[in-house]
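**Q** pasting the sequence and the predicted model now:
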Amino acid sequence: MPKRRYADLHIKITDEGDPPELLIKMARHLGFSLIALSVESFHKLKLLEPLKKLGDNLGLDIAFRLDLRPSNPNDLKFYLRKFRRKIEIIAVYCHNVAIARIAARDRRVDITFYNPENMLSIFDEGQVSLLIESGHYVEVNLSDLLHESSDKQARILWNYRRALGNAKKKGIPIIFSSGSSKIIDMRAPRELSALASIIIDDDPLAKNAVSITPMKLVQVNREKLSPRYVQPGVKVVNEW
Amino acid sequence: MVKDIRWRYLIFHLHTPSNPRIESIKNALKKHLRSFLGVQGLSRAPFKLIMYDEHNKLGIIRCPHNAVTIIRAALALLDSIDGESASIHIAKSTGTLKKARILTKEIAEKLKSYWSELEVGMKKPSQATES
């Protein structure tokens, strides 16, 4: 049986956080095979390009991700039009219902993630059915739970359990990430999977949420970005 | 004869810029797990800090085999020890203490080559310049 390969699709690159080189080395130490470095501004990505080489040297695959936090639906559409063909993963932070609905409907979005405090009011039946149609991934970040009081952690776990229970039933792919910008906040894949297991109550699904599911997302998106891609199921195999 | 309880020995590596004593770690673990699991949870998932090497920051925790997942999840949420930011990385899990001790030595050897760079990175800028 091949060895399971793990992925963390949300390692934030911020000015207050640790340098990306350290984050990459820590990810390798923790046992990840693939990580996605996320930025909130597309211009920062150009500076991160050389890090791919460092990742290659360490045997770590590095993908890039853009986190969008649009203030209104028009902003979201504008950013998607501008950046979709330039970056491997696009995630949208859904802080209100309007953004959540547009993000769930738009096939150019890969991942949606939510504020766990008001997740239940956004992540309702309507949102779930839109997500099923578009095939989006729902993400849970460990950083939402870290550095919080026990009461708040309990409330967040309850919200995630209820919302993701619904998503699990309908077959929406779920991924677990660290969402950290500091090496001390990063966690090993099995720790993430253990946390996933207590939230979604399903061991195989929890393991897949940190391995097969995020790997598949990156693989499909890389294929889409390749010049040979035409549309789902159609690609150029030979030119003459 | 089939054993009543199958223990698992979790070899952990403490990620922290400071050097906490074994008593601090024991207390932090007890406090954190009691708060996360509660009395009822602890009765189903008892744990014991078997050893801790202050030099290499490696230790061994014992727990029943069916409580490994919940203990791992609880430890993932530990974020400070003695007020200093810290995290616990479970490096390996074994079924015997003998094997756990052997693996601890191997991991300590492996970490020597690269861990210091990451540890310096964990320090706040002021702490980093002090050292």
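**A** Thanks, I have it.

**Q** only C-alpha atoms for contact and neighbour calcs from this point on.
**A** Noted.

**Q** just give the closest residue to B:Leu118, not the sequence neighbours.
**A** Excluding the flanking residues, the one nearest B:Leu118 by CA to CA, 6 or more residues apart in numbering or on different chains is A:Leu22, at 6.6 Å.

**Q** poorly predicted segments of chain B, please.
**A** Along chain B, the model assigns pLDDT under 70 to residues B:124-131.

**Q** next to chain A, which bits of it? Give me the list.
**A** Contact residues (CA under 8 Å from any CA of the partner chain) of chain B with chain A: B:15-16, B:35-36, B:69-70, B:72-79, B:85-87, B:89-90, B:118, B:121-122.

**Q** narrow the residues you listed to those in helices?
**A** Cross-referencing the residues of chain B next to chain A against helices under DSSP state H gives B:Ser35, B:Phe36, B:Thr69, B:Ile70, B:Arg72, B:Ala73, B:Ala74, B:Leu75, B:Ala76, B:Leu118, B:Gly121, B:Met122.

**Q** look up phi and psi at the residue nearest to B:Leu118.
**A** Per-residue torsions, A:Leu22: phi -70, psi -40 (degrees, to the nearest 10).

**Q** check contacts around whichever residue of chain B sits closest to chain A.
**A** When distances are taken as CA to the nearest CA, chain B reaches nearest to chain A at B:Ala73, 4.6 Å away. Neighbouring residues of B:Ala73 by CA atoms under 8 Å, 6 or more residues apart in numbering or on different chains: A:Glu191, A:Leu192, A:Ala194, A:Leu195, A:Ile198.

**Q** what about the helices in chain B?
**A** Using DSSP H, helices in chain B cover B:22-44, B:68-76, B:97-112, B:115-122, B:125-130.

**Q** let me know which of those is the nearest to A:Leu60.
**A** Among the helices of chain B, helix B:115-122 comes nearest to A:Leu60, with 16.7 Å by CA to CA.

**Q** what angle do that closest one and helix B:97-112 make?
**A** 70 degrees (axes from the mean of the first three to the mean of the last three CA atoms, to 10 degrees).

**Q** contact partners of helix B:115-122?
**A** A:Asp18, A:Leu22, A:Lys25, A:Met26, A:Lys182, A:Ile183, A:Ile184, B:His15, B:Thr16, B:Pro17, B:Ala128.

**Q** and if you look at stretch B:50-64?
**A** Stretch B:50-64 has contacts (CA under 8 Å, 6+ apart) with B:5-15, B:19-22, B:45-49, B:71, B:100, B:104, B:108.

**Q** now the buried members of those.
**A** Among the contacts of stretch B:50-64, those classed as buried by 16 or more other CA atoms under 10 Å in any protein chain shown are B:7-15, B:20, B:22, B:45, B:47, B:49, B:71, B:100, B:104, B:108.

**Q** those residues in strands, which ones?
**A** Under the assignment DSSP state E, those contribute B:Trp7, B:Arg8, B:Tyr9, B:Leu10, B:Ile11, B:Phe12, B:His13, B:Leu14, B:His15, B:Leu49 to strands.

**Q** okay if I get those as JSON lines plus distance to A:Arg108?
**A** Formatted as JSON lines, these follow (distance: CA to CA, whole Å):
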{"residue": "B:Trp7", "distance to A:Arg108": "48"}
{"residue": "B:Arg8", "distance to A:Arg108": "45"}
{"residue": "B:Tyr9", "distance to A:Arg108": "46"}
{"residue": "B:Leu10", "distance to A:Arg108": "42"}
{"residue": "B:Ile11", "distance to A:Arg108": "43"}
{"residue": "B:Phe12", "distance to A:Arg108": "41"}
{"residue": "B:His13", "distance to A:Arg108": "40"}
{"residue": "B:Leu14", "distance to A:Arg108": "41"}
{"residue": "B:His15", "distance to A:Arg108": "38"}
{"residue": "B:Leu49", "distance to A:Arg108": "49"}
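
**Q** which pair in those residues spans the largest distance?
**A** Farthest pair in these, by CA to CA: B:Trp7 and B:His15, 24.7 Å.

**Q** what does chain A put close to chain B?
**A** Proximity of chain A to chain B (CA under 8 Å from any CA) is limited to residues A:18, A:22, A:25-26, A:30, A:145-147, A:150, A:182-185, A:187-188, A:190-192, A:194-195, A:197-198.

**Q** which of these are buried, as a ChimeraX select command?
**A** For the buried members of the residues of chain A next to chain B, the matching ChimeraX selection, counting by 16+ other CA under 10 Å, is:
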select /A:18,22,25,26,30,145,146,182,183,184,185,187,188,190,191,192,194,195,197,198
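
**Q** what about the residues of chain A next to chain B, which are in helices?
**A** Among these, DSSP H puts A:Leu22, A:Lys25, A:Met26, A:Leu30, A:Ser150, A:Arg190, A:Glu191, A:Leu192, A:Ala194, A:Leu195, A:Ser197, A:Ile198 in helices.

**Q** check whether the last one really touches B:Ile71, as I assumed.
**A** To tie it back to what came earlier, the one meant is A:Ile198. No. In this structure, A:Ile198 is not within contact of B:Ile71 by CA atoms under 8 Å, at 10.7 Å.

**Q** just the contacts of helix B:115-122 now: which is nearest A:Glu239?
**A** A:Lys25 (41.0 Å).

**Q** tell me the spacing between that closest one and A:Asp18.
**A** Distance, A:Lys25 to A:Asp18, by CA to CA, to the nearest Å: 11 Å.

**Q** in contact with the residue nearest the centre of chain B, which residues?
**A** Residue closest to the mean C-alpha point of chain B, counted by CA atoms, centre = their mean, is B:Phe12 at 3.8 Å. B:Phe12 makes contact with B:Leu58, B:Gly59, B:Ile60, B:Ile61, B:Ile88, B:His89, B:Ile90, B:Ala91, B:Lys92, according to CA under 8 Å, 6+ apart.
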